[in-house]
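Trainee: Predicted model and sequence below, questions to follow.
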Amino acid sequence: MKFGKDFRRYLEQTLPEWRDKFLPYKLLKKLIKHLPRPPQAEGPPRPTGGAARPLAAAHDAWFAAVLNEQLKKFNDFFIDKEEDFVIWSQGLKERIEKIKERKCGAFTSDRKFCEEMLEIRKDFVTTHGKMVLLKNYSSLNFAGLVKILKKYDKRTGGLLSLPFTQHALHQPFFTTEPLTRLVHECEANIEVLFPLEPEVIESHQTEKGETYQTYNPKVSSVRADNTSVYQSIKAAIQIIQRLQKARSTYNEDDGSGVVTTESSASNLSANSQNQAADHESVHSVD
C-alpha cells in the first residue's frame, strides 16, 4: 500500500478550500530524503544519550519544530470548523422553531412551509457531510504524521516517533468527542424532522384535488449540491480501510499509551461508514 498515493488522491477529491489544511506529506518526504543517514546502519545499538548523538538530536529538534507547525495548523482549522458547527447547530434549532411557530400562525399554505423545511433539510445534509469530513480530517492527518515519523526515524536513526506521537494524541484536532456528539445530534434531527414520507418528497394535493410536485427539484438540488462532500467522504473511508489492512507502526494497546495509525483509523472507520451510509440515504432519496 502506498499511503502517499492514497493521500494525494484524497486531497484531489476533498473540498478545494480544505486542501492546504492537510499535512504536506509529499513535501515532508522530500525533506527527509535530504537528511543524512546515521553513520552506523548496522552493528550494535547506538547510544541514546543526547551527548552521544548531537547531530541526530539536532535533527530531531528541527523536525519536531516542523511538525509542531503542522499541529498548530491542524488545531486552528479543526477548532475553527468545530466552533462553526456548534454555532450552526444552535442557529438551525432556532430557525426550525420559528418556522414551526409560523406554521401554526402566519403561514398561508402547507406548500410554503414544506419549501422552507426542505431548505433546512438541505443545510442539514450539507453540514452533516462536512462534519463527517472533519472527523476524517483528524484521522487522516494523524495517520500521515505516524507514517512520516516512521520514515524520519528510518532515515536518520532518530528517536522521534514515540514521543511525538504521544504529543499529537493530546492535541485538539485529535479530540473528536464533541464533534461526534454534534454528528449524532444532526443525524437524530434529520430522522425526526425529515422522515422520508412519500407525501413530503414526491407530491402534494390541493383541496381541489390538484397534484403538484414542486419539491422534487429541490431534493435533486440537495443531491447535486452535496456531491463533492459525499465523494470526499467515500475517498477518506477508502484510505482508512487500506490503513486497517496495513501493518501497525506500533503495537496497539502495548502499554505504551500509543495509538497507532491503524488503530486510530479503525476506530473512525466504523463510525465514518455508518455516517456515510446515513448521508447516502438522505442524499439519494428520489
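Mentor: Perfect, I can see it now.
Trainee: what are the ranges of the helices in the stretch 51-200 of the chain?
Mentor: 54-104, 110-156, 161-169, 177-193, 198-201 (DSSP state H, counting those that start in this stretch).
Trainee: can you put those in CSV and add mean pLDDT?
Mentor: Below are those laid out as CSV (pLDDT from 0 to 100):
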stretch, mean pLDDT
helix 54-104, 89
helix 110-156, 89
helix 161-169, 95
helix 177-193, 85
helix 198-201, 38
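Trainee: most tightly surrounded among those?
Mentor: helix 110-156 (a mean of 21; mean count of other CB atoms under 10 Å). Every residue, glycine included, has its C-beta placed from N, CA and C.
Trainee: Give me the residues contacting stretch 54-71.
Mentor: With CB atoms under 8 Å, 6 or more residues apart in numbering as the contact definition, stretch 54-71 has outside contacts at 23-24, 28, 31, 35-36, 38, 50, 141, 145, 148-149, 152, 156-160, 164, 167-168, 171, 173.
Trainee: Can I get it in CSV, CA atoms only?
Mentor: Coordinates of each C-alpha in stretch 54-71 appear next as CSV, following Å, rounded to 0.1, in the frame of the first residue of the first chain:
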residue,chain,number,x,y,z
PRO,A,54,24.4,15.6,18.9
LEU,A,55,23.7,15.7,15.2
ALA,A,56,20.8,13.3,15.5
ALA,A,57,19.4,15.2,18.5
ALA,A,58,19.6,18.4,16.5
HIS,A,59,17.8,16.8,13.6
ASP,A,60,15.1,15.5,16.0
ALA,A,61,14.6,19.0,17.4
TRP,A,62,14.4,20.6,13.9
PHE,A,63,11.9,18.1,12.6
ALA,A,64,9.8,18.2,15.7
ALA,A,65,9.6,22.0,15.2
VAL,A,66,8.5,21.5,11.6
LEU,A,67,5.8,19.0,12.7
ASN,A,68,4.7,21.3,15.5
GLU,A,69,3.9,23.9,12.9
GLN,A,70,1.7,21.4,11.3
LEU,A,71,-0.1,20.5,14.5
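Trainee: Count the neighbours of Pro36 for me.
Mentor: Number of residues near Pro36 (other CB atoms under 10 Å) recorded here: 11.
Trainee: can I assume it sits in a helix?
Mentor: No. Looking at Pro36 with DSSP: H, G, I helix; E, B strand; the rest coil, it is coil, so not inside a helix.
Trainee: Now Phe77. Nearest residue, chain neighbours left out?
Mentor: Excluding its sequence neighbours, the residue lying closest to Phe77 (CB to CB, 6 or more residues apart in numbering) is Lys21, at 4.4 Å.
Trainee: just Lys130 next, same as before
Mentor: Here the residue nearest Lys130, using CB to CB, 6+ apart, is Val229, at 6.1 Å.
Trainee: Distance check, that neighbour against Gly129.
Mentor: Between Val229 and Gly129 the computed distance is 4 Å (CB to CB, to the nearest Å).
Trainee: Give me the mean pLDDT for the helix or strand harbouring the residue nearest to Lys130.
Mentor: When elements are assigned from DSSP states H and E, Val229 belongs to helix 227-245. Averaging pLDDT along helix 227-245 yields 74.
Trainee: Mind giving me the packing neighbours of that helix?
Mentor: With contacts taken as 3 or more CB pairs under 8 Å, 6 or more residues apart in numbering; DSSP states H and E, helix 227-245 sits against helix 3-13, helix 110-156, helix 261-283.
Trainee: wait, the residue nearest to Phe77 sits on Leu140?
Mentor: No. With contacts counted by CB atoms under 8 Å, Lys21 stays clear of Leu140, the gap being 11.2 Å.
Trainee: what's the burial count for the closest residue in space to Lys73 that isn't next to it in sequence?
Mentor: Computed as CB to CB, 6+ apart, the closest residue to Lys73 that is not its neighbour in sequence is Lys21, at 6.5 Å. Using other CB under 10 Å, Lys21 has 17 neighbouring residues.
Trainee: State the pLDDT value of Lys21.
Mentor: 96.
Trainee: how about it, what does it touch?
Mentor: 73-74, 77, 137.
Trainee: Got the phi and psi for it?
Mentor: Dihedral pair for Lys21: phi -90, psi 0, per degrees, to the nearest 10.
Trainee: one step back: ok, the residue nearest to Phe77 to Phe3 distance?
Mentor: In this view, Lys21 and Phe3 are 18 Å apart by CB to CB.
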